[in-house]
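**Student:** what follows is a predicted protein model with its sequence.
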Amino acid sequence: MATDTFIDCDLLVVGAGINGAGIARDAAGRGLKVILCDKDDLGAHTSSASSKLIHGGLRYLEHREFGLVRKALAEREILLRSAPHITRPLRFIMPHVRGARPAWLIRAGLFLYDRLATRDFLPGAETIGLAGHRAGDALKPGFARAFAYSDGWVDDARLVVLNALDAHERGAQVMPHTACDDIVRRAEHWEARLARAGGPLAVRARGLVNATGPWAGRLALRAGGAASQRALRLVKGSHIVVPRLFDHACGYLFQHTDGRVVFALPYEDAFTLIGTTDVEFSGDPGHVAIADDEQRYLCALANVYFRRQIAPRDIVWSYAGVRPLLADDAGTAAAVTRDYHLARDADGPPLLSVFGGKITTYRKLAEEALDWLAPRLGRAVSGAWTARAVLPGGDLFGAMPDRRGVLEFEGWVAALRQRHGWLPAPLALRYARAYGTRVARLLDGCHALNDLGLEIAPGLYEAELRYLMAHEWATCAADVLWRRSKLGLHLRPGAGKAVDTWIAAVQAAAAIGRAQVEDPV
């Protein structure tokens, strides 16, 4: 490579979605020197465009993916315990529909779902009558009974950020907005050229992880080896957000006549999230959006069930992501496996490419990746550790919360409000949900609302922006309003301009300060 000076590391992880961030975290915790890079923001694509669910995948049982469901169900409770601030248990209501899946089949599936893995604190499935039930009030007349079962919810974009933050605090270098422009395999190591705003960076790594999601096939071809033979099937999943259709904390799972299932979830207090679609995709994964027919599809399905009818004009926000699924012989996009495959290539310095996967199983995927990679990097390192570790901010009730740390989050919020009585209740709850115990760092030195600084946008103060820039790699309004938070849903159009202006001013002042230090007058 043209650049003579190299930065050496044990592992270069390309792609900072949930799988790349999880692998970097696991590797750094084992004592490896890690660089994590991504051409865009952390979790900017598929990992922030999920259904926000921690679930085993009830419908996967129909495709006989028992191993995937068992693995995901086991991870469900680990994730709920490790990040009780950005996750929560969620009860689902599945109205029974004549002509769809028969009741006996659903009961059998739920019986199996409750027993494929240990379930320490989530309640089991049951059949309920909808007459007079809070979940029945929002539904059209005619739905007499439903099946209720348990899964979980997660703030997917914050999950990525917290994994990257944990990796960083354990020694990893985290580099968003840094593209891997060139990669060469030498006899003993990989050489990579990273392109970033501050100039190119040359990296020499003992091992390489290709966790680039929809771009994994392209990077595998550039790197060569066995991984380049794996085929991906790109499937677009789209979601819509509409004003709240129900006023309780349960979610719904709806069956459609085409055999698909769609979720309707409580979202950001004032909204309902509906999704997802499954559409074959062949365009640029960096530029993906919901199509008009997908909007109509999701609205029409919701209208089959809910009293309150919606149309595309009621959509206040939508998002779409491309899932990099393993190519198989499934006849429809919905039937393609959601399991992952780790393509291992040890012909020279090791290369591991991640294909497929789902957000619920990211931790297990990372653990399996490091169990293979670590012995091949020529370093003595520690073993697996993440199953009993919390993510930053998750130590609400100790090092690894028990069921109390999951089910009594509101009590922790009440204690936070008591300590900081000057915080408005909605702001205290949002801080608690986003930052957990790390809220102490955000509020350090603050004793009154004025101490948070200027209110740059409604509910967004300078103190939080400084925290996000200093600790969570936020560089623009989109990072803050749509990934580190969902404040964008609650603000008027154009609010992002004030945030971008403030961030640009802070960045400019910092650049001047650095220049003065480097070249004092």
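**Tutor:** Arrived safely. Numbers count the residues shown, from 1 in each chain.
**Student:** most residues in a single strand of the chain, which one?
**Tutor:** strand 232-243 (DSSP state E).
**Student:** what average pLDDT does that strand get?
**Tutor:** Confidence over strand 232-243 (mean pLDDT, whole number) is 94.
**Student:** just the CA coordinates for it, please, in PDB.
**Tutor:** What follows is strand 232-243 as a C-alpha-only set of coordinates in PDB (Å, rounded to 0.1, in the frame of the first residue of the first chain):
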ATOM      1  CA  LEU A 232     -27.000 -13.600  -0.400                       C
ATOM      2  CA  ARG A 233     -30.600 -13.000  -1.000                       C
ATOM      3  CA  LEU A 234     -31.500  -9.400  -0.200                       C
ATOM      4  CA  VAL A 235     -35.000  -8.900   1.200                       C
ATOM      5  CA  LYS A 236     -36.400  -5.500   2.000                       C
ATOM      6  CA  GLY A 237     -38.500  -5.000   5.100                       C
ATOM      7  CA  SER A 238     -40.500  -1.900   5.500                       C
ATOM      8  CA  HIS A 239     -42.500  -0.400   8.400                       C
ATOM      9  CA  ILE A 240     -44.900   2.500   8.900                       C
ATOM     10  CA  VAL A 241     -45.600   4.700  11.900                       C
ATOM     11  CA  VAL A 242     -49.100   6.100  12.400                       C
ATOM     12  CA  PRO A 243     -50.800   8.000  15.300                       C
END
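**Student:** report the strands that pair with that strand, each with its relative direction.
**Tutor:** Sheet partners assigned to strand 232-243 using DSSP bridges are listed as strand 271-275 (antiparallel), strand 279-280 (antiparallel), strand 317-326 (antiparallel).
**Student:** residue 179 is nearest to which of those?
**Tutor:** Each of those was scored for nearness to residue 179 using CB to CB, and the closest is strand 317-326 (18.0 Å). For every residue, glycine as well, the C-beta is placed using N, CA and C.
**Student:** and that closest one, how far from the chain's centre?
**Tutor:** Between the mean C-alpha point of strand 317-326 and the mean C-alpha point of its chain there is a distance of 12 Å (CA atoms, centre = their mean, to the nearest Å).
**Student:** so which of the strands paired with strand 232-243 is nearest residue 133?
**Tutor:** In terms of CB to CB, the element of the strands paired with strand 232-243 nearest to residue 133 is strand 271-275, at 18.0 Å.
**Student:** okay, now the unreliable bits of the stretch 101-250 of the chain?
**Tutor:** Under the criterion of pLDDT under 70, the regions of the stretch 101-250 of the chain flagged as low confidence span 225-230.
**Student:** how about the helices in it?
**Tutor:** Along the stretch 101-250 of the chain, the segments classed as helices by DSSP state H, counting those that start in this stretch run 103-115, 156-169, 216-223.
**Student:** and residue 336, what's its pLDDT?
**Tutor:** Here the pLDDT value assigned to residue 336 is 61.
**Student:** now render the strands paired with strand 232-243 as CSV, adding mean pLDDT.
**Tutor:** Shown next, in CSV, are the strands paired with strand 232-243 (pLDDT from 0 to 100):
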stretch, mean pLDDT
strand 271-275, 97
strand 279-280, 92
strand 317-326, 90
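**Student:** out of the helices of the stretch 101-250 of the chain, flag the one nearest residue 353.
**Tutor:** The closest of the helices of the stretch 101-250 of the chain to residue 353 is helix 216-223. By CB to CB, the value is 5.0 Å.
**Student:** just to revisit the earlier point, could you identify which of the helices of the stretch 101-250 of the chain is most buried?
**Tutor:** Using mean count of other CB atoms under 10 Å, the stretch among those with the largest mean neighbour count is helix 156-169, at a mean of 25.
**Student:** the nearest residue to residue 100 once chain neighbours are set aside and residue 89, how far apart?
**Tutor:** The shortest distance from residue 100 to any residue other than its chain neighbours is 4.3 Å, reached at residue 255 (CB to CB, 6 or more residues apart in numbering). Distance, residue 255 to residue 89, using CB to CB, to the nearest Å: 23 Å.
**Student:** do residue 325 as well
**Tutor:** Taking CB to CB as the measure, residue 325 falls 27 Å from residue 89.
**Student:** again with residue 74
**Tutor:** From residue 74 over to residue 89 the distance is 16 Å, taken as CB to CB.
**Student:** all helices for the stretch 251-400 of the chain, in order.
**Tutor:** 292-305, 362-373.
**Student:** quick one, which of these is nearest to residue 154?
**Tutor:** If you check each of these against residue 154 by CB to CB, helix 362-373 wins as the nearest, at 10.4 Å.
**Student:** which strands and helices sit next to that closest one?
**Tutor:** For helix 362-373, the helices and strands in contact under the criterion 3 or more CB pairs under 8 Å, 6 or more residues apart in numbering; DSSP states H and E are helix 18-29, helix 66-82, strand 201-210, strand 340-345, strand 351-356.
**Student:** chain center to it, what's the gap?
**Tutor:** Worked out by CA atoms, centre = their mean, helix 362-373 lies 17 Å from the chain centre.
**Student:** how much space between the nearest residue in space to residue 62 that is not next to it in sequence and residue 149?
**Tutor:** Computed as CB to CB, 6+ apart, the closest residue to residue 62 that is not its neighbour in sequence is residue 109, at 7.6 Å. Taken as CB to CB, the spacing of residue 109 relative to residue 149 amounts to 9 Å.
**Student:** what's the overlap in contacts for those two?
**Tutor:** When contacts are counted by CB atoms under 8 Å, 6 or more residues apart in numbering, the set common to residue 109 and residue 149 consists of residue 58.
**Student:** burial measure for residue 445, as a count.
**Tutor:** Counted with other CB atoms under 10 Å, residues neighbouring residue 445 total 6.
**Student:** check which helix or strand covers it.
**Tutor:** Using DSSP states H and E, residue 445 is not contained in any helix or strand.
**Student:** so it is in contact with residue 451, correct?
**Tutor:** Yes - if you go by CB atoms under 8 Å, residue 445 and residue 451 touch, sitting 6.7 Å apart.
**Student:** how about the residue most central in space within the chain: what's its closest non-neighbour residue?
**Tutor:** When the chain is reduced to its mean C-alpha position, the nearest residue by CA atoms, centre = their mean turns out to be residue 156, at 2.5 Å. By the measure of CB to CB, 6+ apart, the closest residue to residue 156 outside its immediate chain neighbours is residue 50, 4.7 Å from it.
**Student:** surely the one you found meets residue 319?
**Tutor:** No - using CB under 8 Å, residue 50 makes no contact with residue 319, being 9.6 Å away.
**Student:** of these two, give the one with the bigger neighbour count.
**Tutor:** Using other CB under 10 Å, the more surrounded residue of residue 50 and residue 319 is residue 50, with 23 against 19.
**Student:** quick one: secondary structure of the more buried one?
**Tutor:** Taking DSSP: H, G, I helix; E, B strand; the rest coil as the rule, one finds residue 50 in the coil state.
**Student:** which ones are touching it?
**Tutor:** Residues in contact with residue 50, defined by CB under 8 Å, 6+ apart, are 156, 237, 321, 359.
**Student:** could you export those residues as TSV, including distance to residue 9?
**Tutor:** Output for those, formatted as TSV (distance: CB to CB, whole Å):
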residue	distance to residue 9
156	27
237	34
321	29
359	26
